[in-house]
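Novice: Provided below are the primary sequence and the corresponding predicted coordinates.
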Amino acid sequence: MSSVSEVTQVPAAKRRDLAVRVEDVSLTYRTTFERVPTFKTALVRFGRGERAVKEVHAVQNVSFDVEHGTTVGIIGANGAGKSTLMRMLAGILPPSKGRIEVHGRVSTLLSLGVGFNPTLSGRENVVLGGLAGGLSRKEIQEKYEEIAAFAELDDFIDMPMRTYSSGMYQRLAFAVAVNMDPDILLIDEALSAGDAKFKQKAAAKMKEVVGTARTMFLVSHSAASIRDLCEEAIWLHKGKLMLRGPSADVNAAYNKFLKVGEDAFSLEDL
Ligand SMILES: Nc1ncnc2c1ncn2[C@@H]1O[C@H](COP(=O)(O)OP(=O)(O)OP(=O)(O)O)[C@@H](O)[C@H]1O
């Protein structure tokens, strides 16, 4: 995954091993759409090729540093900007403003639909995913059995992935992402799909990854997953960073916010 060449110079004595630096980052989606038109205005607009533009400020002026070996949970309401932030960390979306430094090899498990080619078999996708993740063919060969065993797809591993159920797809995506030996692992709601047995297995595997002192970002709506797996947490609300700190503290502040509601809540409450 991309590392920036221009790294801000920090005196060696002060510098711990930086994994990710997010500096005043914003992302604005611009979507064009037809405003619900009357038939007449639709004709007029169509003639002129006019479309309305809606801007969504999904992430706004967010800054934070994360050192290697840290596990960070990202929490916040629907639409808070969590997945957008993860896509930027993964290098899938460039920020509209600000800059992101990523130091190390990144492996991502983002929302369904990213990464696999549905016309290829599971086996072929594992190879492609491995190559895209920066592994050599030999390394992929060595890891293949482990990945296939973890995903428990049996004969389906040689079937085109379009024939997979969403749970099967998710199992393979998870197996690939966690077995890439990444320096930085990005996981977006991995535990939301899949059956109970797989959820347990995935949680155990994530604990193992955490145990190897890798850097991990985890988006989850489950306070329990964040508490169990993450030392730190970042709370986003309407694209803004509300709080970053030990995950227990951030969870507590977020829960309080959910209880009292946005209007009654002030940052002094934190
Ligand atoms: N491709 C897109 N085009 C336009 N707007 C988008 C796009 N993707 C997300 N958004 C908007 O950006 C905002 C942030 O979305 P994002 O998916 O990052 O939130 P989230 O915190 O991950 O939400 P959730 O918990 O529901 O998954 C939302 O208002 C969403 O509607």
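Specialist: Happy to help now that I have it. Numbering: from 1, shown residues only.

Novice: got the residue ranges for the strands in the stretch 1-150 of the chain?
Specialist: Along the stretch 1-150 of the chain, the stretches classed as strands by DSSP state E, counting those that start in this stretch are 18-33, 52-67, 71-75, 97-102, 106-109.

Novice: possible to save these as a markdown table with mean pLDDT and distance to the ligand?
Specialist: Where you see a C-beta, it was placed from the backbone N, CA and C, and this is true even at glycine. Formatted as a markdown table, the strands of the stretch 1-150 of the chain follow (pLDDT from 0 to 100; distance: least, C-beta to the nearest ligand atom, whole Å):
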| stretch | mean pLDDT | distance to the ligand |
| --- | --- | --- |
| strand 18-33 | 93 | 3 |
| strand 52-67 | 94 | 3 |
| strand 71-75 | 95 | 8 |
| strand 97-102 | 96 | 15 |
| strand 106-109 | 81 | 14 |
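
Novice: quick one, which of the ones you listed is nearest to Gly122?
Specialist: Minimum separation from Gly122 across the strands of the stretch 1-150 of the chain (C-beta to C-beta) falls at strand 106-109, 15.4 Å.

Novice: Distance from that closest one to the middle of the chain?
Specialist: Taking the mean of its C-alpha atoms, strand 106-109 sits 8 Å from the chain's own mean (C-alpha atoms, centre = their mean, to the nearest Å).

Novice: In space, what's closest to Ala77 - neighbours in sequence excluded?
Specialist: His237 (6.7 Å; C-beta to C-beta, 6 or more residues apart in numbering).

Novice: Just the pLDDT at the residue in the chain sticking out farthest from the centre, thanks.
Specialist: Distance from the centre of the chain peaks at Lys40, with 43.7 Å (C-alpha atoms, centre = their mean). We have a pLDDT of 71 for Lys40.

Novice: ok, it - contacts?
Specialist: Residues near Lys40 by C-beta atoms under 8 Å, 6 or more residues apart in numbering: none.

Novice: that older thread, quick one: the residue nearest to Ala77 from the ligand, how far?
Specialist: Distance of His237 to the ligand, given as C-beta to the nearest ligand atom, to the nearest Å: 9 Å.

Novice: Alright, calling it a day.
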